[in-house]
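Student: Okay, here's the prediction I keep looking at, along with the sequence it came from:
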Amino acid sequence: MSSIYTDMAGGLELLLTFETIIWVIIGSILGIILGALPGLTATMGLALMLPVSFYLPTATGMAMLLSVYTGAISGASIPAILLGIPGNPNALATVEDGYQMSKNGQAGLALGGAALASLIGGFISLTILVFFAPLLAKATLAFGPAEKFTLALLGISIIAAISGSGLIKGIAVGALGVSLSLIGTDPFSNAPRMPFPDILADTPLQSGIKLIPALIGFFGISQALYDLERLHSGKLEVPQVNFKNPFPTWSKLRKMWRLTLESAGIGTVIGAIPGTGASIAVFLSYERAKQLTHRKGSKLDRVGSGCVEGVFAPEVANNAVTGGALIPVLTLAIPGDAATAVLLGALLIKGVVPGHDLFLYDLPLVYAIFGAMGLSLIAMFIFQLVGIRLFPKVLRVPPAFLIPIIVIMSYIGRPVHCCRHF
């Protein structure tokens, strides 16, 4: 037992330095900014700051990278709530209720709820990471191609559940999405998915339709065009923002305990499965929240009507993915997603090999990484809290100026290699 306390003290000694605190602040601010700009993902931010981590101590470098990671994941909810444009795919499920709340003058409550949900989801997943990482890592090994296909099929089946009365339209759009995913090549075998590769050769579609450009087109550009039409017709009004209650009441939080725990569990488990991603987790949690709030006798507001529950559930799951994704990284040296692949690369470059030996011979560093995760979540929450009064100021920008800015930022945020042929 004394050895554990010694290792924990060693981890805190590595982490709690002035240099580390400064880099955590820088990483959190940069991550939130990158997450809030459409198309600029957490992976891009980590790749940008990776060379900087080479010149920092291992614990400090990991703390800085984790701050960028958690900040970008959480920051994606800002444009989703204020403009109806998700900063990255992780915030797709936040758009419906978050943007509706913003239009109803509750942008402050939506942003505060998202920040609090991010903190809660992150710490729940961190707790699971600390106590159950080896056990969950073994469970992820059971997920082969058949299990991943079943999980993907489950994600697609959610379309039917959330379509409501527009079931035919939902199925039609889902079928269109599956058809579009068949364009390009398989990422593992590099074999063409469709039978006419010659038609796609030497075109931007040769490598398939990338998620970020599609996301920007469907949400960013389409919302800008929709607002432009409303501006022309005189129907576009700037919503008034209420800052009196930036967080859900304690009574509301108590009522959401089950929704919160289930969303955190979904996010952690999905994050621990390599190759899945947060987009599946947020939609699974959003659908589960809809089931909980629509059941007879529920004391919660109905998800889908512009309520804080519709923001809280996906944001808890979204940030719970961060802790879950670190499980296979630290125990199996397998990245859970593209962002954690950069984190794994940072460890390997520093000469740290994740796995059994890391937990056996370098426990102070493991505890330092756990502590860095917690520190990054606290920094993210503080700066999100500070920004609650600053972020909605974007709504005060005249729409005639804001709409072109959105289009320009959407164009800048797209990956250049996806449009290099234009």
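Tutor: Cool, got the structure.

Student: Which helix runs longest in this protein?
Tutor: Longest helix in the chain by number of residues (criterion: DSSP state H): helix 107-140.

Student: That one packs against which elements?
Tutor: helix 58-75, helix 77-82, helix 95-103, helix 257-272, helix 308-332, helix 363-387 (3 or more CB pairs under 8 Å, 6 or more residues apart in numbering; DSSP states H and E). (Each C-beta comes from the backbone N, C-alpha and C, glycine too.)

Student: Serialize these to JSON lines and add fields for distance to L300 and mean neighbour count.
Tutor: Converted to JSON lines, these look like this (distance: least, CB to CB, whole Å; neighbours: other CB atoms under 10 Å):
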{"stretch": "helix 58-75", "distance to L300": "23", "mean neighbour count": "29"}
{"stretch": "helix 77-82", "distance to L300": "19", "mean neighbour count": "30"}
{"stretch": "helix 95-103", "distance to L300": "12", "mean neighbour count": "23"}
{"stretch": "helix 257-272", "distance to L300": "7", "mean neighbour count": "23"}
{"stretch": "helix 308-332", "distance to L300": "5", "mean neighbour count": "30"}
{"stretch": "helix 363-387", "distance to L300": "23", "mean neighbour count": "21"}
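
Student: a markdown table for the ones you listed, including mean pLDDT and distance to Y286?
Tutor: As requested, the helices and strands packed on helix 107-140 are exported to a markdown table (pLDDT from 0 to 100; distance: least, CB to CB, whole Å):
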| stretch | mean pLDDT | distance to Y286 |
| --- | --- | --- |
| helix 58-75 | 89 | 16 |
| helix 77-82 | 85 | 12 |
| helix 95-103 | 85 | 8 |
| helix 257-272 | 88 | 9 |
| helix 308-332 | 86 | 5 |
| helix 363-387 | 87 | 20 |
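
Student: can you redo the ones you listed as CSV with distance to I124?
Tutor: Formatted as CSV, the helices and strands packed on helix 107-140 follow (distance: least, CB to CB, whole Å):
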stretch, distance to I124
helix 58-75, 14
helix 77-82, 18
helix 95-103, 21
helix 257-272, 4
helix 308-332, 6
helix 363-387, 11
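
Student: For G355, give me its contacts.
Tutor: For G355, the contact set (CB atoms under 8 Å, 6 or more residues apart in numbering) comprises T331, L332, A333.

Student: what do you get for G10?
Tutor: Contact criterion CB under 8 Å, 6+ apart gives L363, P364, Y367, A368 as the residues in contact with G10.

Student: go with 7 Å
Tutor: With contacts taken as CB atoms under 7 Å, 6 or more residues apart in numbering, G10 has the following neighbours: P364.

Student: check which helix or strand covers it.
Tutor: For G10, the host element (DSSP states H and E) is helix 2-15.

Student: picking that back up, for the longest helix of the chain, the averaged confidence score.
Tutor: Across helix 107-140, pLDDT averages out at 82.

Student: Does anything pack onto the helix or strand hosting K169? Which helices or strands?
Tutor: In this structure, K169 sits in helix 167-181 according to DSSP H and E. If you count contacts as 3 or more CB pairs under 7 Å, 6 or more residues apart in numbering; DSSP states H and E, helix 167-181 packs onto helix 145-162.

Student: By neighbour count, which bits of the helix holding K169 are buried? Give me those.
Tutor: Buried residues in helix 167-181, counted by 16 or more other CB atoms under 10 Å: G170, G174.

Student: Could you find the closest non-adjacent residue to L126?
Tutor: Nearest residue to L126 in three dimensions, chain neighbours excluded: G323, at 4.6 Å (CB to CB, 6 or more residues apart in numbering).
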